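Visitor: let's see this in three dimensions:
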Amino acid sequence: MVNPWKTYVKLSAVLMGSHGLTKGSLAYLNYPAQIMFKSTKVLPVMVMGAFIPGLRRRYPVHEYISAMLLVIGLILFTLADAHTSPNFSIIGVMMISGALVMDAFLGNLQEAIFTLNPDTTQMEMLFCSTVVGLPFLIAPMILTGELFRAWTSCAQHPYVYGVLVFEAMATFVGQVSVLSLIALLAATTAMITTARKAVTLLLSYLIFTKPLTEQHGTGLLLISMGIILKMVPDPNPNQKPKLSSSGQIPGSWSW
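Guide: So this is what the prediction gives:
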């Protein structure tokens with residue numbers, strides 16, 4: 001390890017809060033509505049990246065335009081589906097909004113850790129944040145009784161264990177890939193993960209043969225335009241955040 005445990009305690013609190021609120025919101029919101037909210041993550045990530053001490057990123061104008069196109073396109077795409085079952089709840093909206101704020105912090109905090117200590121590996125980040133974050137989820141699961149209900153349900157349906165193992169493997173590969181991208185640019189990662197949501201929704205329409213309306217097509221067109229615009233080279237690719245003489249990121253953040 002090249003980072004102290006207190007670094008991962010702070011990171012894990014945000015990470016597990018984001019996961020818990022995101023999954024929990026599905027009890028009060030339908031999937032398209034959840035995606036509609038989550039699709040706006042790229043904008044707060046860029047905003048916080050510009051203000052977090054030690055990063056102070058300045059993005060080219062075309063990246064802001066690209067982010068807007070991607071977000072608007074994905075919102076149009078998900079709204080077309082949300083019309084079929086607009087199951088909105090104020091509790092779900094509050095939960096997914098909280099997850100959105102935590103997501104915005106998460107990518108930039110991870111990037112700040114990589115900037116503070118370039119020797120940090122993706123494996124260390126993933127392992128330590130998961131191990132430290134486990135108690136953050138176990139406590140509310142015990143208090144709500146969800147842990148015992150899940151244990152009983154898995155015992156009654158053993159195939160769930162196989163599904164969980166497969167999901168864990170796929171999640172591991174995905175998270176390592178995302179962390180590798182975050183080590184470069186948090187906003188770029190948010191753009192890619194947002195585009196991934198569009199692909200997920202598109203596949204759901206192809207697999208489950210849902211109707212594809214003109215509004216869906218318009219959303220996909222805007223998404224494609226945003227991704228293509230994001231490929232425009234950065235005019236200042238070598239601009240790096242400045243460190244203090246002690247090697248610490250200047251500002252009020254304490255890791």
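Visitor: quick one: Val101 from Thr22, how far?
Guide: 12 Å (Cβ to Cβ, to the nearest Å). For every residue, glycine as well, the C-beta is placed using N, CA and C.
Visitor: those two: who's more crowded?
Guide: Thr22 (19 against 16; other Cβ atoms under 10 Å).
Visitor: now the more buried one: which helix or strand?
Guide: Thr22 is part of helix 5-25 when elements are defined by DSSP states H and E.
Visitor: please compute how far that helix lies from its chain's middle.
Guide: 11 Å (Cα atoms, centre = their mean, to the nearest Å).
Visitor: CA atoms of it as CSV?
Guide: Output of helix 5-25 as CSV, limited to C-alpha atoms (Å, rounded to 0.1, in the frame of the first residue of the first chain):
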residue,chain,number,x,y,z
TRP,A,5,-6.1,3.7,5.4
LYS,A,6,-7.8,7.0,6.3
THR,A,7,-7.7,7.8,2.6
TYR,A,8,-9.8,4.8,1.8
VAL,A,9,-12.1,5.3,4.7
LYS,A,10,-13.2,8.7,3.3
LEU,A,11,-13.3,7.3,-0.3
SER,A,12,-15.3,4.2,0.8
ALA,A,13,-17.9,6.2,2.6
VAL,A,14,-18.7,8.1,-0.7
LEU,A,15,-18.4,4.9,-2.8
MET,A,16,-20.7,2.7,-0.6
GLY,A,17,-23.2,5.6,-0.2
SER,A,18,-23.4,6.0,-3.9
HIS,A,19,-23.9,2.2,-4.5
GLY,A,20,-26.5,1.9,-1.7
LEU,A,21,-28.5,4.9,-2.8
THR,A,22,-28.4,3.9,-6.4
LYS,A,23,-29.6,0.4,-5.9
GLY,A,24,-32.1,1.4,-3.2
SER,A,25,-33.7,4.0,-5.4
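Visitor: where are the low-confidence patches of the stretch 101-250 of the chain?
Guide: Along the stretch 101-250 of the chain, the model assigns pLDDT under 70 to residues 182-183, 185-188, 190-191, 194, 198, 205, 208-211, 230-250.
Visitor: for the nearest residue to Val160 once chain neighbours are set aside, give me its contacts.
Guide: In space, Val160 comes closest to Cys154 once its chain neighbours are excluded; the distance is 4.8 Å by Cβ to Cβ, 6 or more residues apart in numbering. Taking Cβ atoms under 8 Å, 6 or more residues apart in numbering, we find Cys154 in contact with 160-161, 164.
Visitor: equivalent analysis for His19, please.
Guide: Applying Cβ under 8 Å, 6+ apart, the residues contacting His19 are Leu137.
Visitor: how about Leu21?
Guide: 95-96, 98-99, 102.
Visitor: how about stretch 64-77: buried residues?
Guide: For stretch 64-77, the neighbour count (16 or more other Cβ atoms under 10 Å) marks 66-67, 69-77 as buried.
Visitor: ok, stretch 169-178 next?
Guide: Buried, per 16+ other Cβ under 10 Å, within stretch 169-178: Val178.
Visitor: go on, stretch 203-219?
Guide: 216, 219.
Visitor: other residues contacting that stretch?
Guide: 73-81, 198.
Visitor: adding distance to Ser224, write these out as a markdown table.
Guide: Shown next, in a markdown table, are those (distance: Cβ to Cβ, whole Å):
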| residue | distance to Ser224 |
| --- | --- |
| Gly73 | 8 |
| Leu74 | 11 |
| Ile75 | 15 |
| Leu76 | 13 |
| Phe77 | 11 |
| Thr78 | 16 |
| Leu79 | 18 |
| Ala80 | 16 |
| Asp81 | 18 |
| Ala198 | 9 |
